[in-house]
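Novice: can you look at this prediction? I've put the sequence above it.
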Amino acid sequence: MSVGESGATGRWPGGGAAGWHAPAAPVRDAVTAPTTLDYYLVHPGPAGGEPRGRPEGLVVEEFEHAADHSAARLHSAAWTPQDGGWWSSADFSRTMRLDAALRRRVVAVARPDAAAAYRELGGGDLPDEGTLRGHFHDPAPLATAPLRLTPGHPAAGPGGTRVYRVLFADALGPDGLAHLRATWRMTVAGDAADPGARVLGVARRRVGDDAFTWHLRRIGAGGPWCLDLTVDLAGDRDDTVRPMLRELTTTLRMRGLLPVTVERFS
């Protein structure tokens, strides 16, 4: 089954051309901070619940962040041997997050693995990240207005307290949850087998004088998962926030969760 057959509207083997953007000269992206891109391989339909066969192509994504580190837009580009060039489609990025059948075919990988697949599929050397960003032509806008958890949320440190929520599509299996609990040395806060359990683990870390606490949370029984990150800033600088969000999001992404957005709660 092709991506097009599972509901995606972007160009793909067997799919339509809606959302297609003709290749253009690379342009500088709007993201000011040089961050690593997210890489995915798209496989043929799953067999026994797992992606099978040779990858059909690659997807490269990057979240553009607002000044407060919430997500403002999602950029993406994809490549297949059939096209021979990179194309950009916000519709395809949305479909990746809405279509469970398609998500089962999408596997997050590190850049070396993406480069190896690209070469094996006949693309040659994977372009550098600056060049890949030049293929981002159709960003998906994301809400950026800070949300309020409770009125008058107190500032815990001299620099104040912020709460971020990273929302993901899909759910963690028992092995993925066990891996995260061990990797992050999480305090177990709930039984994943209990459908009523929401917070399933809590971890803490200090970076310099800034304190970070994150809760791994399930939104509803059988619903999506999220990571709630509380930041107690020691001063007026917040340059530790973006790297921490990136690290935690990447860890969850490599365990099979697909990031949807990063919201900030004031």
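Specialist: The structure has been received and is ready for your questions. Numbering: from 1, shown residues only.
Novice: list the contacts of residue 209.
Specialist: By Cβ atoms under 8 Å, 6 or more residues apart in numbering, the contact list for residue 209 reads 234, 235. The way it works is simple: take the backbone N, C-alpha and C, and place the C-beta from them, glycine included.
Novice: tell me which helix or strand the nearest residue to residue 231 once chain neighbours are set aside sits in.
Specialist: On the basis of Cβ to Cβ, 6 or more residues apart in numbering, the spatially nearest residue to residue 231 that is not a chain neighbour turns out to be residue 162, at 4.6 Å. Here residue 162 sits within strand 160-169, counting by DSSP states H and E.
Novice: what residues sit buried inside that strand?
Specialist: Buried positions in strand 160-169, judged by neighbour count with 16 or more other Cβ atoms under 10 Å: 160, 161, 162, 163, 164, 165, 166, 167, 168, 169.
Novice: can you tell me how far the last one is from residue 259?
Specialist: Looking back up the chat, that one is residue 169. For residue 169, the distance to residue 259 equals 8 Å [Cβ to Cβ, to the nearest Å].
Novice: what's the answer for the first one, then?
Specialist: Residue 160 is 25 Å from residue 259, where distance means Cβ to Cβ.
Novice: quick one on the thing from earlier: partner strands of the strand holding residue 162, with direction?
Specialist: strand 225-233 (antiparallel), strand 258-265 (antiparallel) (DSSP bridges).
Novice: need the CA coordinates for that strand. CSV is fine.
Specialist: Extracted C-alpha coordinates of strand 160-169, given in CSV (Å, rounded to 0.1, in the frame of the first residue of the first chain):
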residue,chain,number,x,y,z
GLY,A,160,10.5,32.3,37.1
THR,A,161,8.9,29.0,36.2
ARG,A,162,7.8,27.8,32.8
VAL,A,163,5.9,24.7,31.8
TYR,A,164,6.1,23.2,28.4
ARG,A,165,4.1,20.3,26.9
VAL,A,166,5.5,18.3,24.0
LEU,A,167,2.5,16.5,22.4
PHE,A,168,3.1,13.2,20.5
ALA,A,169,1.1,11.0,18.2
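Novice: what is the mean pLDDT for that strand?
Specialist: For strand 160-169, mean pLDDT rounds to 94.
Novice: same thing with stretch 64-77?
Specialist: When pLDDT is averaged along stretch 64-77, the result is 94.
Novice: want to throw the buried residues of strand 160-169 into TSV with distance to residue 245?
Specialist: Below are the buried residues of strand 160-169 laid out as TSV (distance: Cβ to Cβ, whole Å):
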residue	distance to residue 245
160	17
161	15
162	11
163	12
164	6
165	11
166	7
167	12
168	13
169	17
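Novice: which stretches of the stretch 51-200 of the chain have low pLDDT?
Specialist: 51-52, 144-159 (pLDDT under 70).
Novice: show me where it has helices.
Specialist: Secondary structure of the stretch 51-200 of the chain (DSSP state H, counting those that start in this stretch): helices at 90-98, 100-103, 111-120, 129-133, 174-183.
Novice: and those as JSON lines, adding distance to residue 225 and mean neighbour count?
Specialist: Listed next are the helices of the stretch 51-200 of the chain as JSON lines, based on distance: least, Cβ to Cβ, whole Å; neighbours: other Cβ atoms under 10 Å:
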{"stretch": "helix 90-98", "distance to residue 225": "13", "mean neighbour count": "20"}
{"stretch": "helix 100-103", "distance to residue 225": "13", "mean neighbour count": "16"}
{"stretch": "helix 111-120", "distance to residue 225": "24", "mean neighbour count": "16"}
{"stretch": "helix 129-133", "distance to residue 225": "28", "mean neighbour count": "16"}
{"stretch": "helix 174-183", "distance to residue 225": "9", "mean neighbour count": "14"}
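Novice: okay if I get those as a markdown table plus distance to residue 243?
Specialist: Shown next, in a markdown table, are those (distance: least, Cβ to Cβ, whole Å):
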| stretch | distance to residue 243 |
| --- | --- |
| helix 90-98 | 24 |
| helix 100-103 | 27 |
| helix 111-120 | 18 |
| helix 129-133 | 17 |
| helix 174-183 | 17 |
